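Engineer: Let me see the structure of the following:
(chains A and B)
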Protein chains: 2
Amino acid sequence: MRGRRCLSSRHTDFSESESESESESETMRCISCREEYGTRDAGTCKECYEEASETEEELKREIEDLKAKVAFLRFWSPLDHHARSHNGPCYTDVVLVATSEDGSSGFSVPVPAHKAVLVSRSPVFKAMLENEMEESRSGTIKISDVTYDALRAFVNYLYTAEACLDEQMAYDLLELAEKYQVKHLKAYCEKFLVSKLNWDNSVMSYAFAHQHNAKQLLDASLSLITDNMDKLTKREEYIELVEKDPRLVVEIYEAYLSKQVNTAAHKDSSMK
Amino acid sequence: MRGRRCLSSRHTDFSESESESESESETMRCISCREEYGTRDAGTCKECYEEASETEEELKREIEDLKAKVAFLRFWSPLDHHARSHNGPCYTDVVLVATSEDGSSGFSVPVPAHKAVLVSRSPVFKAMLENEMEESRSGTIKISDVTYDALRAFVNYLYTAEACLDEQMAYDLLELAEKYQVKHLKAYCEKFLVSKLNWDNSVMSYAFAHQHNAKQLLDASLSLITDNMDKLTKREEYIELVEKDPRLVVEIYEAYLSKQVNTAAHKDSSMK
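Structural biologist: Sure, this is the predicted structure:
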C-alpha cells in the first residue's frame, strides 16, 4: 500500500506551463471538503487519504458484522414472547417475583425466565441455583426492594442486552446489576447516568455512586462538584449529606484539596 | 465542526520572509506519513484530516461496545460446560442425536441443549418443538446424515455464534444451516467458502452451492469458472457434472454467453 510515496509535483511535472504550475503550487484542493487550502492547513497526501478511507470502510464492515452477530445472539425474551402471542410454550423453568421489605410479594406479577439464561448472565444467580438453595427447589426467586417494572426491565436485559432508560430506571437497574453482578448492565447504566450528570443532580449522583460502587459515575460527579465548591455549601443536598453520611463529605473536601495541590504543582513546574 | 474553512496560508501569513513562504508553498508535509507532497498528490486539508481521525476513533469505540455486547449475549454452551466440569446442572431439556440413513443412532453420543435456545435460533426447531411433534414429547431430536463432530459444532454455534472451520466443516455446517434455516451460520460458512475458492474446487463448489441454495458462493464460483472456460471441458469434475446434472452445465454456458454479450456491449458503447 505504501509503495508510492508522496512526491512534489512541482519538480516532476514539466508538461505544465510555468504560470499554471505557479498558481497551482500556491493552493491545493481538499479531496474531502472541496475547499482550497495552503501550506499551513495541509492535512494528508492523496495516498494517505485513500488508505484512511479504506480503513473507514473496513471498520464499517466490521460494525455491520458485529451487529448481525448481536441480532443472532439476542434471545427473544419470554416477556416479549408473552406479549406477542399466548400460543407456544417458552420452556421457562423459574419465575422472579418483586417483593416488598417484609418479604411479601403483594400483587406483583411473577416474571418468567430460564434458569440457563440467569446462570449464564449472573454469577449470583449461578451460585443461588446451582447450590440447590430454596430458590432452586421452589423455582421462585424473590427480589426485594424493586418495582415490577424494574424487575421486568432487568430480566429483559439479561435476554436482549437492551433497556429503555430514564434516570430513575437507570438508578434501579444499576442497583440490580450491582446486586446480581451483571457487569455489562452496570456499565450501561453508569454510562447513561454520566451523560445525564448536571449540577442539580451531582450530589445525589455522588452519594448513589458511592453506595453502589459505581467508579465512573463517582469520578464524574466528584469532578463536577469540586469544580463548583463555592456554590456547594448552600445546597440542601449538601446539608443533608453532612447529617446523613459526613464521611462522604470529607471525601469531597479531600478530593478538592488534592486537586488544588495538583494545580499548584502544575503551575509551579510550568513557571520554572 | 466545519466552521473554520481551509484557507491559503500564502495570502494571510505576512510574518514570514518571502523566501520561506516561497519554499513552503511548493511542497506540503503529510500529517499522516510525514512525507512531502505537492499539488498533484494533495489529499485533504488539516480540518478534514482531524474530522476523519475523530470518525475513526468513534467507529473503534462502537466496535468495542459491540464486542462487549457479543461477549455478554454469548451463551456458555452446554458442551463447553460439560467439558469444563461435571459439577452443576445445565438445565438442558432436549438432546440432539446424529443418525445414519437407516434412522439408527449407532454409537453416537447425544448432544444436550435447551429447547429455548433451539427455538430462538431456528424457525425449523421452533415449529418442530412448539407443535408437540414426536421430538417435543420424547425430548430427542434426530438429525440425519451428519457426523457427531458437525452436530456438536452446529449446536455450539447456536449458543456462541462461533465455529472453528475447515473446508469440510464449512460444507457440513452450511448444509445444517440451510436445513434448519439458521441464516447467520449459513452466511458465515458461505463467506468462509468464498474465501477458499480456487480453480481446483470451483466446479465442486458450484454444484454444492446450487444444491444448497448458497447464492454468494454460487456467484463467486460461476464467475471463476466462466473466466477460465478454455480449461473447463478437460476437467474430470466437469465430465462428471455433465453425466450427473447436465442442467447445471447448461447454466454455466448460459452465464458465459451472457458475460460475452455484456462485454461486447460495453466495448461497443465505449467506442462510440
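
Engineer: need the contact list for the residue of the stretch 101-250 of chain A found nearest chain B.
Structural biologist: Closest residue of the stretch 101-250 of chain A to chain B, Cβ to the nearest Cβ: residue A:184 (4.0 Å). To be clear about C-beta, it is placed using only N, CA and C from the backbone, and glycine gets the same treatment. Residue A:184 sits next to A:161, B:68, B:69, B:71, B:72 when contact means Cβ atoms under 8 Å, 6 or more residues apart in numbering or on different chains.

Engineer: Hmm, the first one is touching residue B:72, no?
Structural biologist: In other words, residue A:161. Yes. Residue A:161 lies in contact with residue B:72 (Cβ atoms under 8 Å); the separation is 5.5 Å.

Engineer: coming back round to it: can you tell me how far the residue of the stretch 101-250 of chain A closest to chain B is from residue A:33?
Structural biologist: According to Cβ to Cβ, to the nearest Å, residue A:184 stands 39 Å off from residue A:33.

Engineer: ok, the contacts of residue A:184 vs residue B:133, which is closest?
Structural biologist: Nearest to residue B:133 among the contacts of residue A:184, counting by Cβ to Cβ, is residue A:161 at 31.9 Å.

Engineer: What is the burial count for residue A:241?
Structural biologist: 19 (other Cβ atoms under 10 Å in any protein chain shown).

Engineer: cool, and the one 4 residues further on?
Structural biologist: Neighbours of residue A:245 under the rule other Cβ under 10 Å: 14.

Engineer: residues contacting it?
Structural biologist: Contacts of residue A:245 (Cβ under 8 Å, 6+ apart): residue A:207.

Engineer: State the pLDDT value of it.
Structural biologist: Listed pLDDT for residue A:245 reads 92.

Engineer: Ok, residue A:6 next?
Structural biologist: Reported pLDDT for residue A:6: 39.

Engineer: next one: residue A:41
Structural biologist: pLDDT for residue A:41: 85.

Engineer: Nearest to residue A:215 among the contacts of residue A:184?
Structural biologist: Each of the contacts of residue A:184 was checked against residue A:215 using Cβ to Cβ; the closest is residue B:68, at 16.6 Å.

Engineer: helices and strands around whichever strand or helix holds the closest one, which ones?
Structural biologist: Assigned by DSSP states H and E, residue B:68 belongs to helix B:46-73. Counting contacts by 3 or more Cβ pairs under 8 Å, 6 or more residues apart in numbering or on different chains; DSSP states H and E, helix B:46-73 packs against strand A:42-45, helix A:46-73, helix A:183-195.

Engineer: Quick check: residue A:143 touching residue A:97?
Structural biologist: Yes. Using Cβ under 8 Å, residue A:143 is in contact with residue A:97, at 6.9 Å.

Engineer: Could you provide the helices and strands packed on helix B:46-73 in a markdown table, with additional columns for distance to residue B:63?
Structural biologist: Shown next, in a markdown table, are these (distance: least, Cβ to Cβ, whole Å):
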| stretch | distance to residue B:63 |
| --- | --- |
| strand A:42-45 | 23 |
| helix A:46-73 | 6 |
| helix A:183-195 | 16 |
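
Engineer: between those, which gets the lowest average pLDDT?
Structural biologist: Note on the helices and strands packed on helix B:46-73: lowest mean pLDDT is at strand A:42-45, with a mean of 87.

Engineer: Report pLDDT for the closest residue to residue A:36 other than its chain neighbours.
Structural biologist: Of all residues not flanking residue A:36 in the chain, residue A:27 sits nearest, at 4.2 Å (Cβ to Cβ, 6 or more residues apart in numbering or on different chains). In this model, residue A:27 is scored at 74, pLDDT.

Engineer: and what of residue A:86?
Structural biologist: So, for residue A:86, pLDDT stands at 42.

Engineer: Same question for the one 4 residues further on.
Structural biologist: The per-residue pLDDT reported for residue A:90 equals 77.

Engineer: Tell me, how many residues neighbour it?
Structural biologist: 19.

Engineer: in the helix holding residue B:68, what's buried?
Structural biologist: B:46-49, B:51-52, B:59, B:62-63, B:66, B:69-70, B:72-73 (16 or more other Cβ atoms under 10 Å in any protein chain shown).

Engineer: Who are the contact partners of the residue lying closest to residue A:33 once chain neighbours are set aside?
Structural biologist: Excluding the flanking residues, the one nearest residue A:33 by Cβ to Cβ, 6+ apart is residue B:48, at 5.2 Å. Residues in contact with residue B:48 (Cβ under 8 Å, 6+ apart) are A:30, A:32, A:33, A:43, B:6.
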